[in-house]
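J.: I need the structure of the sequence given here:
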Amino acid sequence: QVQLVESGGGSVQAGGSLRLSCRQSGRTFSSYVMGWFRQYPGKEREFVASVSRSAGTTSYTDSVKGRFTISRDNAKNTVYLQMNSLKPEDTAVYYCAALSLNFISRRASDYNYWGQGTQVTVSS
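T.: Have a look, this model is predicted:
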């Protein structure tokens, strides 16, 4: 059983930064593609970023390119999302997810395991 635990959410003013972390336990972390998604109230979860098993490939949604960076440390079983130049529209619950198949996906339905979510609030 894979467990994902996010941390690092909080409140920040526009233009500020936050770093989200997600630690996996239960299976070999390096066997999973990892992703970050976010969810606005009443909306479906939307893709933010993903990183390949070896961290050699990343993918971002257009609205966060140049501001967010996804990375992973396989020795620490942890994936990170560094968020800079935050905007009020980045306010959402952020989830990390693990995908057991070896391809980068932007579809939430492809991911096998999910964390509990962490709130990010950006004030103007």
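
J.: The helix or strand in which residue 70 is found - what's its average pLDDT?
T.: For residue 70, the host element (DSSP states H and E) is strand 68-73. In this model, strand 68-73 carries a mean pLDDT of 98.

J.: swap in stretch 102-111?
T.: The average pLDDT within stretch 102-111 is 96.

J.: and that stretch, how far from the chain's centre?
T.: The chain centre lies 13 Å from the centre of stretch 102-111; the measure is CA atoms, centre = their mean, to the nearest Å.

J.: What is the end-to-end distance of that stretch?
T.: With CA to CA, to the nearest Å as the measure, the first residue of stretch 102-111 is 11 Å from its last.

J.: got the contact list for it?
T.: 33, 35, 37, 44-47, 50-53, 57-59, 61, 97-99, 101 (CB atoms under 8 Å, 6 or more residues apart in numbering). Using the backbone N, CA and C atoms, a C-beta is placed for each residue, glycine as well.

J.: change it to 7 Å
T.: When contacts are defined by CB atoms under 7 Å, 6 or more residues apart in numbering, stretch 102-111 is touched by residues 33, 35, 37, 45, 47, 50, 52-53, 57, 59, 97-99.

J.: how about a markdown table for the residues you listed, with pLDDT added?
T.: Formatted as a markdown table, the contacts of stretch 102-111 follow (pLDDT from 0 to 100):
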| residue | pLDDT |
| --- | --- |
| 33 | 98 |
| 35 | 98 |
| 37 | 98 |
| 45 | 97 |
| 47 | 98 |
| 50 | 98 |
| 52 | 96 |
| 53 | 94 |
| 57 | 96 |
| 59 | 97 |
| 97 | 98 |
| 98 | 97 |
| 99 | 97 |
